[in-house]
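A.B. asks: Show me how the following folds:
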Amino acid sequence: MREKIHYAIEMALAIAIIFLFVLHFLGNKQQSDTNVAFTNEGSNTEIMPIAYIEIDSLTLNYNYSIDINEVLTKYYESSRAKMTVEWRKFQTEYEDFQRKVETGSFLSRERAELEAQRLSKKQEDLQKLGNQYDQEFEEKQMRMREALRQTISLHLIEYNKNKGYHFIFGKFADNMLYSNEIYNITTEVLDFLNRQYAADPSLKPTE
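C.D. replies: Here you go, the predicted structure:
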């Protein structure tokens, strides 16, 4: 379950970061083409005004992402635990019904049929409840994932004010066949994001 949540968040962040600075390209284009931020250390060789972030590292080490994952996991496990309790109760009632049928304990056939109908209805209700929990979890996951995406987008815009990158890509799994480490800003961005998160308690997700 934790892997499922991580994968969903990573996919959303990868897509968001890949296209984020395309929207700001025209504004950044007006900056000087010889910005010192884009030269190799110890040389005058210019490099492209682009960078990338490793999404798996971001989701595993960004404290906001970690907190969201914990909230979602607790929410999921709590709903599963409730369903487990209810299904065990139903199983006990069903086994009791079977025992009564086998031993002829019902006073009449009508009483047995009524009990069978009640159990059938209870089973349907439990299935609906399980679907409801699943839907609520998916909706909560989508809301938190969107909040995470928006937060990262806003913070990256702030981060980029003094950097001048034209593009910041998200490196996820094997979506990039090759990347030079000189363009890797993951550690720097993580430090920036975690400092911003620590400074804003209102961002902390709640159950």
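A.B. asks: all helices for this structure, in order.
C.D. replies: Using DSSP state H, the helices of the chain run over 2-20, 25-29, 55-61, 63-103, 109-160, 186-198.
A.B. asks: Please identify the deepest-packed of these.
C.D. replies: Mean neighbour count, computed with mean count of other C-beta atoms under 10 Å, is highest for helix 55-61 among the helices of the chain, reaching a mean of 19. To be clear about C-beta, it is placed using only N, CA and C from the backbone, and glycine gets the same treatment.
A.B. asks: Can you tell me which helices and strands that one packs against?
C.D. replies: In this structure, helix 55-61 packs against helix 2-20, helix 63-103, helix 186-198, with contacts taken as 3 or more C-beta pairs under 8 Å, 6 or more residues apart in numbering; DSSP states H and E.
A.B. asks: worst average pLDDT in the helices of the chain?
C.D. replies: Per-stretch mean pLDDT for those is lowest at helix 25-29 (a mean of 44).
A.B. asks: any idea how far Thr59 lies from Pro201?
C.D. replies: Thr59 sits 21 Å away from Pro201, going by C-beta to C-beta, to the nearest Å.
A.B. asks: can the helices and strands packed on helix 55-61 go into a markdown table with extra columns for distance to Met48?
C.D. replies: Formatted as a markdown table, those follow (distance: least, C-beta to C-beta, whole Å):
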| stretch | distance to Met48 |
| --- | --- |
| helix 2-20 | 16 |
| helix 63-103 | 28 |
| helix 186-198 | 17 |
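A.B. asks: who's in contact with Ile53?
C.D. replies: Neighbouring residues of Ile53 by C-beta atoms under 8 Å, 6 or more residues apart in numbering: 17, 168-171, 184-186, 189.
A.B. asks: Since that was my last question, I'll sign off now.
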